[in-house]
Every structure is written in C-alpha cells, then in structure tokens.
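Engineer: Sharing a model that was predicted from the sequence below.
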Amino acid sequence: MSAEVENMEGSASPTAPAPSKLTLSRRHLVMGGALLAVSGLALAREPKRRYPDLSTKQFEAMFPATFGTWRPHPASEIVMPPESELADKLYQHIFTRTYVDGTGTGVMFLAAYNSMQINNVQVHRPEVCYYAGGFSIDISKPLILPLGPDLEIPARTVLASGDSRKENILYWTRIGDEFPQSQFQQRIAMTKANIEGYLPDGLLLRMSVINPDNAASVQRMNGFMRELLAHSSPQARRLMVGKA
C-alpha cells in the first residue's frame, strides 16, 4: 500500500508548475506588444528623405556653360574639398567651372550637393577646405547677399591668403529651406528639419576671385550670381536658392 501511495504522489508532482508557465506567457505577450508599439512609433517618427537623388548628368545640366556676358574658361585654379573617405560621403556631386566675362575677369564656381543630409555627415564650409590647402583665413564674415528685387540670401565672404595669391570667396550653404551662416546654425537647421520629420538636402555654392580687394570682388561675384540665376531653369533656381 505504501508503495502505491508513493507512486501516486510522484506522478502528481510534475503537473504543479503549469499555472506559473501560463502566467509567464501572458507577461511575455504584454511585453512583446508594448515593444512592438514602441518600435512602430519610432519608425513613424523617423525622419524621411524629401529629395530624390540626381544623376551626374542632371546635376551638371543645372549650370549653363554660357549666359549673359559669361563664358567658360579652360584654365582653373579652383581649391577643392580635401579628399578623404568622409569627403566622399559629404557630397554626391561636385561641379566646378571657371567663367570669364568680356573684360577677362574670371570667377571660379563650385557647387557641391547631397540629396540627403544627416547629423554626422554635413557639408564642409570653405574655410576648412582653404585652410587644409595651406591658406590663411584673413576675413570670414556673414553678409546678406541681394540677388534680386525679392531675393536676399544669407551668405558669407572670406578672404584667404596663400603663398602666391589672395583669393576672395563668396559662398552660402542651403540645408533644406534654411541658409545657415555658421557651423552652429547649420546644426540647428539639421535638427529643425529632423523635428519636422524629414532629412533635408544640402548644397554648398561657392564663387571666388583672385583679387586682394574684398569689396570689389564681392560686388563682381554678386553680379555674376544675379546673371546666372536669371538664365537658370526653375529646377536649377530651386537647387541654388531653395524657396527663397
């Protein structure tokens, strides 16, 4: 009889933990559902890209070879962004051309573009490129550039000195719909776009003249840019000055 009782008690014991297994499964279901909901919310709030990629042909076609009094010139002394793995990520396209007008005055033009800017990969400002090229930065100051009756662009002018020349640079950066005039403002523009739910595109548009006279050089480049915009397509204008 005692052996039978022992066998009965032994056979009943394995079924005792069943209720705890059921409770654990329900807890896992609740936790899994909560994690899934959080993941879905994070995906919904992740910034989306707004602008499609451009092919090299499409990008280069934005900038006319001749316009107004300006013609292309084969010689070029354009200072390029430093080559590195990071620089390759900064820009999908870099376009350069030297233009001369009827007086023989030359303007070196550079446009660098990426259809999608992210916080850790942003357009370089020219002060970085010129300093890396062995130039000293004598002037770097913001200005508002008048490009038409209802068009003013926040830009920046720079005077860079090298061993054999002084070069005046006029440039602006466009991050989405913003025109930051400093690296700090550039990060603010990035953050603002992300909060609004999109990844902005990024453009660096730069002109330069080899001339020690800063005021005269800025005036010359301002006139050059006015003519370029006047002879550009609506798509090219949007690329260069956004909605401004």
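Structural biologist: Structure received. Numbering: from 1, shown residues only.
Engineer: From here on, just use CA atoms for contacts and neighbour counts.
Structural biologist: OK.
Engineer: Can you give the distance from stretch 139-151 to the centre of its chain?
Structural biologist: 20 Å (C-alpha atoms, centre = their mean, to the nearest Å).
Engineer: Equivalent analysis for stretch 226-244, please.
Structural biologist: Its chain's C-alpha centre and that of stretch 226-244 lie 18 Å apart, by C-alpha atoms, centre = their mean.
Engineer: now swap in stretch 54-62 and tell me
Structural biologist: With C-alpha atoms, centre = their mean as the basis, stretch 54-62 stands 17 Å off its chain's centre.
Engineer: What is the longest strand of this structure by residue count?
Structural biologist: Identified as the longest strand of the chain according to DSSP state E is strand 136-148.
Engineer: packing partners for that strand?
Structural biologist: helix 126-132, strand 151-161, helix 214-230 (3 or more C-alpha pairs under 8 Å, 6 or more residues apart in numbering; DSSP states H and E).
Engineer: If we use 7 Å, what do you get?
Structural biologist: Contacts defined by 3 or more C-alpha pairs under 7 Å, 6 or more residues apart in numbering; DSSP states H and E place strand 136-148 against strand 151-161.
Engineer: quick check: angle from the strand it packs on to helix 214-230?
Structural biologist: Put simply, strand 151-161 runs at 140 degrees to helix 214-230, going by axes from the mean of the first three to the mean of the last three C-alpha atoms, to 10 degrees.
Engineer: who's in contact with strand 151-161?
Structural biologist: 135-146, 166-172, 179, 181, 214, 244 (C-alpha atoms under 7 Å, 6 or more residues apart in numbering).
Engineer: buried residues in stretch 163-179?
Structural biologist: 166-179 (16 or more other C-alpha atoms under 10 Å).
Engineer: and stretch 166-184, how far out from the chain's middle?
Structural biologist: That offset, for stretch 166-184, works out to 11 Å (C-alpha atoms, centre = their mean).
Engineer: Now do it: distance from first to last residue.
Structural biologist: Start and end residues of stretch 166-184 are separated by 27 Å (C-alpha to C-alpha, to the nearest Å).
Engineer: Contacts for it next, please.
Structural biologist: 142, 154-161, 186, 189, 200-212, 214, 217-218, 242-243.
Engineer: which one is Lys243 nearest to, not counting chain neighbours?
Structural biologist: Asp177 (6.6 Å; C-alpha to C-alpha, 6 or more residues apart in numbering).
Engineer: Also Asn168?
Structural biologist: Leu159 (4.6 Å).
Engineer: if we can go back for a sec, of the contacts of stretch 166-184, keep whichever come out buried.
Structural biologist: 142, 154-161, 186, 189, 200-210, 214, 217-218, 242.
Engineer: Chain neighbours aside, what residue packs nearest to the spatially most central residue of the chain?
Structural biologist: Closest residue to the average C-alpha location of the chain: Gly202 at 3.0 Å, with C-alpha atoms, centre = their mean. What sits nearest to Gly202 in space, not counting adjacent residues and going by C-alpha to C-alpha, 6+ apart, is Ile175, at 4.7 Å.
Engineer: Mind listing the residues bridging to that neighbour?
Structural biologist: Glu178, Gly202 (DSSP bridges).
Engineer: Could you report the separation of it from Phe224?
Structural biologist: Ile175 is 23 Å from Phe224, by C-alpha to C-alpha.
Engineer: Check Leu170 too.
Structural biologist: Distance from Leu170 to Phe224, by C-alpha to C-alpha: 11 Å.
Engineer: care to break the protein down by domain?
Structural biologist: 2-45, 50-241 (automatic domain parsing).
Engineer: starting at the chain centroid, how far to the longest one?
Structural biologist: Read that as domain 50-241. Worked out by C-alpha atoms, centre = their mean, domain 50-241 lies 12 Å from the chain centre.
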